[in-house]
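>>> need a structure here:
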Amino acid sequence: MKINFKTIMQVNFKQYDLYLALSVAGLVVFSVIMMFSASAVMPANPNEPLYADFFNHLEKVVLGFAVMFFTAFKIDYRLYQEYAKNLYIAAVIILILVLIMGHSSHGATRWLDLKIFTIQPSEFVKLITIIFVSDFINRKKHLLQDAKTIRKLAGLIILGILLPIFLENDLGTPILISLVCIAMLFCAGISIKKLAVLIPVSFLVVIGAIVTKPHRLSRIKGYLSYIVNMDALLQAKELAPSLYQIKRSIQSLGSGGFFGKGLGNSDLKESYLPEAYTDFIFPIIGEEFGFLGSLILTTVFVVILIRGFKISKNARNTHYTYGEIFYLETTKFYGNDSRAPFGEYLALGITLLLIFQVIINLAVAAGLFPTKGLVLPFISFGGTAMITNMAMAGILLNISKTKKSR
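Residues are numbered from 1 along each chain as shown. Down below sits the predicted model:
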């Protein structure tokens, strides 16, 4: 069969949210510039040549743009609902495979080595969870006030998704997914009383996960002891690795001034700071581009937040016409109202997931949260995260097209 690339590339861009597309593209291009600057100083692996990280990152960015193109312009977002249950089962299976045969690094087992490349399944499982919860809300919205329905959803998410990721020695991702799911259920109309039960239970689980792991408890104790006396933190010469990261991050943000030291002139990247271009890339940006550059970067993320919420709002009034089966399901659940909330909650969940990651990453960089390995979306070095985030941006763009067909 002959592939017509001309037909594939034909896209009416006016039908999509160009503000969102330009914001995401701008952030990704900026990340390439930052990685080029970083690779000229010190690669993540000392045995690799200069610019090795840059070409690695560039490869993931190119693949990410390809994925974003197809999820935005060639795959109808409503197709994900048809396979939501299958995606959930696939996510559970692959998370179990990680536990059985996963690749370990830094004391955690979160990666699958596929020989050609290595992936971190928990990254795209975040997206699958949002798809699954959006589909659940779409099918069961009339039953969300039923405690049995909520327990069923909670059990599927906790046992199938959160527990396997937690067993990978990853606490941050389960917390992030839980926050997004609770926010989606709140927006879907679940009563505050039921959420009031979920939140304390989640809090107790997190506390239990911290106190049962000495390295987590030590990190929290160290953070709390120094957060009340920041001067001692900044003046201390010897610190635990997590506190050292916070110290260097705060110093870098402060040393940038208003306009920054200029591209490539960061002192932070020239000194040893673990995961600097993954979790702690924002302090480098603040050091090189100053308060003004940090403000512009933050503004772009705010634009993505606003456009994401707007896309979610517009999707609410979109007639669901993707196939006779979906139409029958919609009319069955909503009577004469042919509106379908799947797109609304999918856009909402994606937007919340992206922005929560931004908030947590910036808060860690500013010393407001203890160190946690969550990347800055579209900016940080990280293959699976970059591709997944760009896929989510593509899905948001695809949902944005629905406002033109109301």
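>>> could you pull out the helices for the stretch 301-406 of the chain?
Defined through DSSP state H, counting those that start in this stretch, the helices belonging to the stretch 301-406 of the chain, from first to last, are 324-334, 342-365, 383-400.
>>> Would you mind putting the ones you listed into JSON lines with distance to residue 131 alongside?
From N, CA and C alone the C-beta is placed, and that goes for glycine too. Below are the helices of the stretch 301-406 of the chain laid out as JSON lines (distance: least, C-beta to C-beta, whole Å):
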{"stretch": "helix 324-334", "distance to residue 131": "15"}
{"stretch": "helix 342-365", "distance to residue 131": "6"}
{"stretch": "helix 383-400", "distance to residue 131": "9"}
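>>> Figure out which of the ones you listed is closest to residue 58.
helix 383-400 (10.6 Å; C-beta to C-beta).
>>> now the angle between helix 342-365 and the closest one, please.
Between the axes of helix 383-400 and helix 342-365, defined by axes from the mean of the first three to the mean of the last three C-alpha atoms, to 10 degrees, the angle is 140 degrees.
>>> how near is the spatially most central residue of the chain to residue 54?
By C-alpha atoms, centre = their mean, the chain has its centre lying nearest to residue 354, at 4.6 Å. Taking C-beta to C-beta, to the nearest Å as the measure, residue 354 and residue 54 are separated by 24 Å.
>>> one step back: so the residue nearest to the centre of the chain touches residue 308, yeah?
Yes. In this structure, residue 354 is within contact of residue 308 by C-beta atoms under 8 Å, at 7.3 Å.
>>> Can you list the low-confidence ranges for this structure?
Across the chain, the stretches falling below the confidence threshold (pLDDT under 70) are 1-10, 39-50, 104-109, 195-206, 208-219, 221-243, 268-276, 316-340, 402-406.
>>> what ranges do the strands span in it?
For the chain, strands defined by DSSP state E occupy the ranges 103-105, 108-113, 118-119.
>>> sorry, back to before: give the contact list for the residue nearest to the centre of the chain.
When the contact criterion is C-beta atoms under 8 Å, 6 or more residues apart in numbering, the partners of residue 354 are 304, 305, 308, 377, 389, 392, 393.
>>> For these, pick the one with the most neighbours.
residue 389 (31 neighbours; other C-beta atoms under 10 Å).
>>> how close does that one get to residue 353?
9 Å.
>>> now the helices for the stretch 151-300 of the chain?
If you assign secondary structure with DSSP H, counting those that start in this stretch, the helices in the stretch 151-300 of the chain sit at 163-167, 172-187, 192-211, 214-227, 230-235, 241-255, 281-315.
>>> what's around residue 70, how many residues?
Number of residues near residue 70 (other C-beta under 10 Å) recorded here: 14.
>>> Contact partners for it?
When contacts are counted by C-beta under 8 Å, 6+ apart, residue 70 touches residue 394.
>>> Now residue 115: phi and psi?
The phi/psi pair for residue 115 (degrees, to the nearest 10) reads phi 70, psi -60.
>>> can you count the residues close to it?
Using other C-beta under 10 Å as the criterion, residue 115 is surrounded by 5 other residues.
>>> Same check on the one 10 residues further on?
Around residue 125 there are 27 other residues, counting by other C-beta under 10 Å.
>>> Equivalent analysis for residue 93, please.
When neighbours are counted by other C-beta under 10 Å, residue 93 registers 12.
>>> any idea how far residue 158 is from it?
Residue 93 sits 17 Å away from residue 158, taking C-beta to C-beta as the criterion.
>>> Equivalent analysis for residue 256, please.
Shown here: residue 256 relative to residue 158, a distance of 42 Å by C-beta to C-beta.
>>> Which one of these two is surrounded by more residues?
Comparing residue 256 with residue 158 by neighbour count (other C-beta under 10 Å), the higher total belongs to residue 256, at 25 against 18.
>>> what's the more buried one in contact with, if anything?
Residues in contact with residue 256 (C-beta under 8 Å, 6+ apart) are 286, 287, 288, 289, 290, 291, 293, 294.
>>> ok, residues contacting stretch 378-387?
By C-beta under 8 Å, 6+ apart, the list of residues contacting stretch 378-387 from outside reads 24, 27-28, 30-31, 34-35, 38, 44, 53, 56-57, 60-61, 63-64, 67, 117-121, 123-124, 277-279, 281-282, 285, 297, 361, 375, 377, 389-390, 393.
>>> Show me which of those are buried.
Buried members of the contacts of stretch 378-387, counted by 16 or more other C-beta atoms under 10 Å: 24, 27-28, 30-31, 34-35, 38, 44, 53, 56-57, 60-61, 64, 67, 119-121, 123-124, 277-279, 281-282, 285, 297, 361, 375, 377, 389-390, 393.
>>> what sits against residue 304?
When the contact criterion is C-beta under 8 Å, 6+ apart, the partners of residue 304 are 20, 23, 24, 351, 354, 355.
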